[in-house]
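Q: Got a predicted structure plus its sequence, pasted below:
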Amino acid sequence: MALLRLLGTGTSDGIPMLGCRCPVCTSADTRNRRLRTSALVQTQDETLLIDCGPDFRQQALLYGIERLSAIVLTHHHADHIGGIPELRPLSKTGPVSLYASPHTNAVVHSSFSYIFSGKPTGGGLPKLNPVNISSPTAVAGLTLWPLPVMHGEDLIHGYRIGDMAYITDASYIPEETLSLLRGIKYLVINALREKPHATHFSIQEACAAAARTTASQTWLTHLCHMVDHAQTEASLPAGISLAVDGLEIEFDETAFPAIRGQSG
Ligand SMILES: [Zn+2]
Ligand SMILES: [Zn+2]
Ligand SMILES: [Zn+2]
């Protein structure tokens, strides 16, 4: 069995949002505090980070992340890559492979060009080994299936491992991707708020997308400050819950046919 731990479940601003005095941002309910969306997959021997947002350092301290086998990115936006400079201490002993679509890797390269410049600095540089993926790939002893989804006009990646799928920042799931989701039991999927949005699923849209999969349990992530946990949770259909920071989901990483590929 493997464990998916949600390191953050908040949208790009994080909750509370700076300068906001709304009921959710000032709520005493700790379930309304959300770091930027990211997750960790842990097996007996390996640790795979999904997205490395601006809260990565804080998340690593909170959850005791002391080493990473590999990193995989869903897409190129700042709330998913902003913590890449924080990887320096965790890549001291050798490069950590960074799996992403060619476009995401290109944006990482241009956003943090100093990391890839090869020029030494006083404190050293994060050691990263970018690897482009677009098909099932063996990563950290797991078989990682990229799930192409639309994020507004951008084609980005969700990922499937075994009987679990993790999709963030989607606004549309193509038919071909729904067939890649066949057989999943657990789904983490983004839902920004009640009101529709151009580049993110609303809660209703995420619930409808989940209903088209085989998942028996779904958690909604990448939530904004218009979502009060208690109030929204009470309105969700059976089998769908709001995610919270720190949530652990146990799943079977071998439940989907393994493929041959490079390891790393
Ligand atoms: Zn995002
Ligand atoms: Zn607010
Ligand atoms: Zn995004």
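A: Thanks, I have the structure now. Ligands and ions are numbered 1, 2, ... in the order given.
Q: thought Gly124 was touching Lys92?
A: Yes - using CB atoms under 8 Å, Gly124 is in contact with Lys92, at 7.4 Å. Where C-beta positions appear, they are placed from N, C-alpha and C, glycine not excepted.
Q: Find the nearest non-adjacent residue to Cys25, please.
A: Spatially, and ignoring its direct neighbours in sequence, Cys25 is nearest to Pro16 (3.7 Å; CB to CB, 6 or more residues apart in numbering).
Q: Count the residues that sit near the one you found.
A: 18 (other CB atoms under 10 Å).
Q: residue contacts, it?
A: Neighbouring residues of Pro16 by CB atoms under 8 Å, 6 or more residues apart in numbering: 24-26, 33, 225.
Q: Same list, these, but as JSON lines with pLDDT, neighbour count and secondary structure please.
A: Shown next, in JSON lines, are these (pLDDT from 0 to 100; neighbours: other CB atoms under 10 Å; DSSP: H, G, I helix; E, B strand; the rest coil):
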{"residue": "Val24", "pLDDT": "98", "neighbour count": "22", "secondary structure": "coil"}
{"residue": "Cys25", "pLDDT": "98", "neighbour count": "17", "secondary structure": "coil"}
{"residue": "Thr26", "pLDDT": "98", "neighbour count": "11", "secondary structure": "coil"}
{"residue": "Arg33", "pLDDT": "98", "neighbour count": "19", "secondary structure": "coil"}
{"residue": "His225", "pLDDT": "98", "neighbour count": "22", "secondary structure": "coil"}
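Q: now Gly83: how far from Thr137?
A: Gly83 is 22 Å from Thr137, where distance means CB to CB, to the nearest Å.
Q: Likewise for Cys25?
A: In terms of CB to CB, Cys25 sits 39 Å off from Thr137.
Q: and what of His77?
A: His77 sits 22 Å away from Thr137, going by CB to CB.
Q: So what does the nearest residue to Arg57 once chain neighbours are set aside have for phi and psi?
A: In this structure, Arg57 finds its nearest non-sequential neighbour in Glu86, 4.4 Å apart by CB to CB, 6+ apart. With angles defined as degrees, to the nearest 10, Glu86 sits at phi -70, psi -10.
Q: residues touching Glu86, list them.
A: Glu86 sits next to 52, 56-57, 60 when contact means CB under 8 Å, 6+ apart.
Q: Residue most distant from the centroid, the chain?
A: In the chain, the greatest distance from the average C-alpha position (CA atoms, centre = their mean) is reached by Gly122, at 31.8 Å.
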